[in-house]
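Engineer: please work out how this folds:
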Amino acid sequence: MTALPAYRLVAFDLDGTLLNFQKEIRPDARAELLRLHALGVSIVLASGRHPHGVARVARDLGVDGVVTHLLCFNGGRILDCATGESLVNHTMSAAVARRAAAAARAAGLAVISYTDDAVVAEQPDNEYVCLEAAVNGLPLRGVQRLDPLFDGSTNKLLAVGPAKTVDAAEQQLPVQLADICTVSRSSSVFLEIMPRGIDKALSLSLLLDRLGLSPAQMVAFGDGMNDKSMIEFAGVGVAMGNASEEVRRAADLITHDCNSNGISSALRALWPRALYAGKN
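Structural biologist: Numbers count the residues shown, from 1 in each chain. Okay, the predicted model is just below:
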């Protein structure tokens with residue numbers, strides 16, 4: 001009898017990881033996800049995106065029904081794909097959101113918040129704000145001020161701007177907001193601002209508890225600083241070849257970049273076809 005796979009859950013960051021630089025999934029990577037699904041492995045898409053944006057990726061990749069969970073808002077929320085149930089939901093108070101937004105504005109960044117069906121921003125014409133709306137496939141709603149909208153239901157704020165401005169803010173904001181927020185960089189132009197202590201690793205730990213699994217049974221793939229926590233937390237943390245040096249140092253395994261066979265080659269190594277040939 002063929003044994004169950006040693007690794008029972010795999011979490012993938014999207015941009016620069018499961019998706020290549022053209023925002024596409026390679027056919028070989030899709031084939032490996034289908035194989036893992038047949039083995040009974042839980043597949044999690046773990047992104048900073050809005051739930052609508054993460055769900056859209058699953059549909060566009062042709063793996064809707066294969067993905068079991070959506071980790072959205074950089075760990076702010078986890079959804080069960082089968083039931084639509086929100087399994088994890090971390091929010092920040094109105095006071096925390098107001099203070100974080102003020103700090104981001106002072107650092108020269110535009111601030112983005114979200115409703116269930118829209119991206120909301122004070123600078124709707126800002127190119128980086130427009131990029132976030134497009135990535136999520138959501139309408140963009142401009143408001144004079146975000147602060148009146150903060151009601152304790154905010155999962156995250158996104159601070160956006162030119163790379164050099166984000167460089168400086170990445171040094172300032174984690175220190176300024178250390179008592180109330182976790183701040184991490186998800187791209188050259190995006191800073192994720194979360195409730196304190198909330199990141200991809202923390203939310204995945206709660207999901208593992210629900211599923212009766214341990215971190216040793218989990219694999220995580222990523223390339224950005226906001227992926228570092230889950231790469232360190234997982235039994236096997238995999239950094240893409242295009243990952244930053246700090247993320248690469250945190251990983252157990254470094255694979256090829258997202259534009260080549262980085263995903264499929266690592267999945268074949270971790271779930272060998274020969275070992276599980278009888279189960280797919």
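Engineer: check contacts around the closest residue in space to residue 157 that isn't next to it in sequence.
Structural biologist: Distance criterion CB to CB, 6 or more residues apart in numbering; nearest residue to residue 157, sequence neighbours excluded, is residue 193 at 4.3 Å. For the C-beta atoms, the positions are set from N, CA and C on the backbone; glycine is no exception. By CB atoms under 8 Å, 6 or more residues apart in numbering, the contact set of residue 193 is 100, 104, 156-159, 173, 177, 181-183.
Engineer: from these, pick the one nearest residue 229.
Structural biologist: residue 182 (8.9 Å; CB to CB).
Engineer: count the residues that sit near the closest one.
Structural biologist: Residues lying near residue 182 (other CB atoms under 10 Å) number 21.
Engineer: partner strands of the strand or helix carrying it and their direction?
Structural biologist: Residue 182 belongs to strand 181-187 when assigned by DSSP states H and E. Sheet pairing of strand 181-187 (DSSP bridges) gives strand 190-195 (antiparallel).
Engineer: re earlier: not counting the strand holding residue 182 itself, show me its contacts.
Structural biologist: Residues contacting strand 181-187 (CB under 8 Å, 6+ apart): 15-16, 48, 74, 92, 96, 100, 166, 170, 173-174, 177, 191-199, 224-226, 228-229.
Engineer: which of those residues fall within helices?
Structural biologist: 96, 100, 166, 170, 173-174, 228-229 (DSSP state H).
Engineer: and the furthest pair within these?
Structural biologist: 96 and 228 (22.8 Å).
Engineer: neighbour count: these two, which is higher?
Structural biologist: The residue with more neighbours, out of residue 96 and residue 228, is residue 228; 27 against 21, by other CB under 10 Å.
Engineer: and that one, what's its pLDDT?
Structural biologist: What the model reports for residue 228 is a pLDDT of 97.
Engineer: which residues does residue 19 form a beta bridge with?
Structural biologist: residue 15.
Engineer: would you turn the contacts of residue 193 into JSON lines with pLDDT and distance to residue 241?
Structural biologist: JSON lines is the format used below for the contacts of residue 193 (pLDDT from 0 to 100; distance: CB to CB, whole Å):
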{"residue": "100", "pLDDT": "98", "distance to residue 241": "33"}
{"residue": "104", "pLDDT": "98", "distance to residue 241": "31"}
{"residue": "156", "pLDDT": "97", "distance to residue 241": "28"}
{"residue": "157", "pLDDT": "98", "distance to residue 241": "31"}
{"residue": "158", "pLDDT": "98", "distance to residue 241": "26"}
{"residue": "159", "pLDDT": "98", "distance to residue 241": "28"}
{"residue": "173", "pLDDT": "98", "distance to residue 241": "29"}
{"residue": "177", "pLDDT": "98", "distance to residue 241": "32"}
{"residue": "181", "pLDDT": "98", "distance to residue 241": "31"}
{"residue": "182", "pLDDT": "97", "distance to residue 241": "27"}
{"residue": "183", "pLDDT": "97", "distance to residue 241": "26"}
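Engineer: nearest to residue 86 among the residues you listed?
Structural biologist: residue 156 (14.6 Å).
Engineer: ok, back up a step: give the ChimeraX command for selecting the buried subset of the ones in helices among the contacts of strand 181-187.
Structural biologist: Provided next is the ChimeraX selection string for whichever of the ones in helices among the contacts of strand 181-187 are buried by 16 or more other CB atoms under 10 Å:
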select :96,100,166,170,173,174,228,229
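Engineer: how about the ones in helices among the contacts of strand 181-187 in CSV, adding distance to residue 58?
Structural biologist: Shown next, in CSV, are the ones in helices among the contacts of strand 181-187 (distance: CB to CB, whole Å):
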residue, distance to residue 58
96, 31
100, 29
166, 28
170, 30
173, 31
174, 31
228, 24
229, 23
